[in-house]
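Engineer: Just a sequence and a predicted model for now, questions to come.
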Amino acid sequence: MKNFFLLLILLFLPWICLAENADLLPVYDDTSGKWGYQDTNGQWRIPPAFDEADPFLNGYARVSVNRSEQPLNHDGIIDSSGSFILPAEYHIYIDDGDVETLSGLFGVSLVQENTLFGFFDTKSGVFSGVKWREVLTRMACDHLVPVLDENMRAGYASRTTGELVIPCLYAGVLPGKFSEGIASNVLDEGAEDYILIDETGTLIPLPEGITAVYGSVAKDGRIVVQAKETQLYGYADLAGHVVISPRFTQADDFENGTAPVEENGVSFRIDIHGNTVTNETQP
């Protein structure tokens, strides 16, 4: 019976810890002029010691110390005990104005030191180190983060190890975001032929005369492709097979099983087999 209760505790411990982290709220202390963290009962769990303090995400939070003394490198990351996981020696900030990356949508923090960048992943607790010319956290997926080397060539680093797993071979204009295991990229800036790669960097072959499309993201097992000769759009599956022939003058990514397209001046939505779902493009 004791073993049974021990097993229950072990099973629910991660959820308990997550709930505790969610209950920690950044609070400003008027007496000290500093930020700390209180629980929902108003008790200090992490004493006020920070010039700035963000909400926790997955057990981590960005904080700032000594802002007046270190106008640039004053940010660090703490865990729910208040211990520094990443010392307050970096600049951790909003990436391209999209979201505040640590407490926002992606769970990947952009970390800067001088002119180099790295990232901290709140899911794995891994810090990549500061070693790239740019890190595109807004393009991160569940496994990979696009990074640019000293030549501004794009590759991908692992969110769980912080190491480069796909070499920097691609034009760094806008590296493709991996979705459902594939991404579209281009080898040279200004080139017209986009390619598809999987999460190991292996090329996914497309039929002759078909190219991937800049910025398209795989959804519902489909990704937009284009016929070079006609410039019309269609869709390929995750193996690179064209499953909806290129016949559309406009085509966007799938979402919840349908995609907006245009053919002969008429806008409508199709399902993953290319069948018309509605004659009017949904918002």
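Structural biologist: Now that the structure is in, tell me what you want to look at.
Engineer: which one is T161 nearest to, not counting chain neighbours?
Structural biologist: Counting by CB to CB, 6 or more residues apart in numbering, the nearest residue to T161 once its immediate chain neighbours are dropped is V126, at 6.4 Å. Bear in mind the C-beta positions are built from the backbone N, C-alpha and C, glycine included.
Engineer: The one you found contacts A157, correct?
Structural biologist: No: between V126 and A157 there is no contact under CB atoms under 8 Å: 9.8 Å.
Engineer: which of these two has more neighbours?
Structural biologist: Counting neighbours by other CB atoms under 10 Å for V126 and for A157 shows that A157 has the greater number, 27 against 17.
Engineer: bridging residues for E52?
Structural biologist: With DSSP bridges as the criterion, E52 is bridged to S64.
Engineer: Equivalent analysis for T211, please.
Structural biologist: For T211, the beta-bridge partners are Q226 (DSSP bridges).
Engineer: With Y170 instead?
Structural biologist: So, taking DSSP bridges as the rule, Y170 has A154 as bridge partners.
Engineer: burial measure for it, as a count.
Structural biologist: Around Y170 there are 27 residues (other CB under 10 Å).
Engineer: Next one, pLDDT for it please.
Structural biologist: In the prediction, the pLDDT value recorded for Y170 is 94.
Engineer: what residues are up against it?
Structural biologist: With contact taken as CB atoms under 8 Å, 6 or more residues apart in numbering, Y170 is in contact with 153-155, 185-187.
Engineer: got the residues you listed as a markdown table, with distance to P146, neighbour count and pLDDT columns?
Structural biologist: Formatted as a markdown table, the entries for these read as follows, by distance: CB to CB, whole Å; neighbours: other CB atoms under 10 Å; pLDDT from 0 to 100:
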| residue | distance to P146 | neighbour count | pLDDT |
| --- | --- | --- | --- |
| R153 | 11 | 19 | 95 |
| A154 | 6 | 24 | 95 |
| G155 | 7 | 22 | 97 |
| N185 | 9 | 24 | 94 |
| V186 | 13 | 21 | 91 |
| L187 | 15 | 12 | 88 |
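Engineer: out of these, what pair is the most spread apart?
Structural biologist: Between any two of the contacts of Y170, the greatest separation by CB to CB is 13.6 Å, found for G155 and V186.
Engineer: List the backbone torsions phi and psi for A239.
Structural biologist: Phi and psi for A239, reported as degrees, to the nearest 10, are phi -100, psi 0.
Engineer: do the same with M139
Structural biologist: Per degrees, to the nearest 10, the residue geometry at M139, taken as phi and psi, is phi -100, psi 10.
Engineer: Report the contact partners of the closest residue to F120 other than its chain neighbours.
Structural biologist: For F120, the nearest residue in space outside its immediate sequence neighbours is S109; the separation is 4.3 Å by CB to CB, 6+ apart. Listed by CB under 8 Å, 6+ apart, the contact set of S109 reads 62, 77, 92, 101-102, 119-122, 137.
Engineer: The residue lying closest to E255 once chain neighbours are set aside - how many residues pack around it?
Structural biologist: What sits nearest to E255 in space, not counting adjacent residues and going by CB to CB, 6+ apart, is K219, at 5.9 Å. By the criterion of other CB under 10 Å, K219 has 18 neighbours.
Engineer: now swap in Q231 and tell me
Structural biologist: Summarising burial for Q231: neighbours were counted as other CB under 10 Å, giving 9.
Engineer: Ok, the one 4 residues further on next?
Structural biologist: For Y235, the tally of surrounding residues (other CB under 10 Å) stands at 29.
Engineer: so which strand or helix has it?
Structural biologist: Counting by DSSP states H and E, the secondary-structure element that holds Y235 is strand 233-236.
Engineer: Need phi/psi at P87.
Structural biologist: With angles defined as degrees, to the nearest 10, P87 sits at phi -60, psi 160.
Engineer: Need the contact partners of stretch 83-92.
Structural biologist: Where contact means CB under 8 Å, 6+ apart, the residues beyond stretch 83-92 that reach it are 60, 62-66, 70, 72-79, 102, 109-113, 120, 125, 127, 130.
Engineer: Those in strands, which ones?
Structural biologist: Cross-referencing these with the strands (criterion: DSSP state E) gives 60, 62-64, 75-79, 109-113, 120, 127 as the overlap.
Engineer: Buried ones from those, can you make that a ChimeraX selection?
Structural biologist: To isolate the buried ones among the ones in strands among the contacts of stretch 83-92 in ChimeraX, judged by 16 or more other CB atoms under 10 Å, type:
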select :60,62,63,64,75,76,77,78,109,110,111,112,120,127
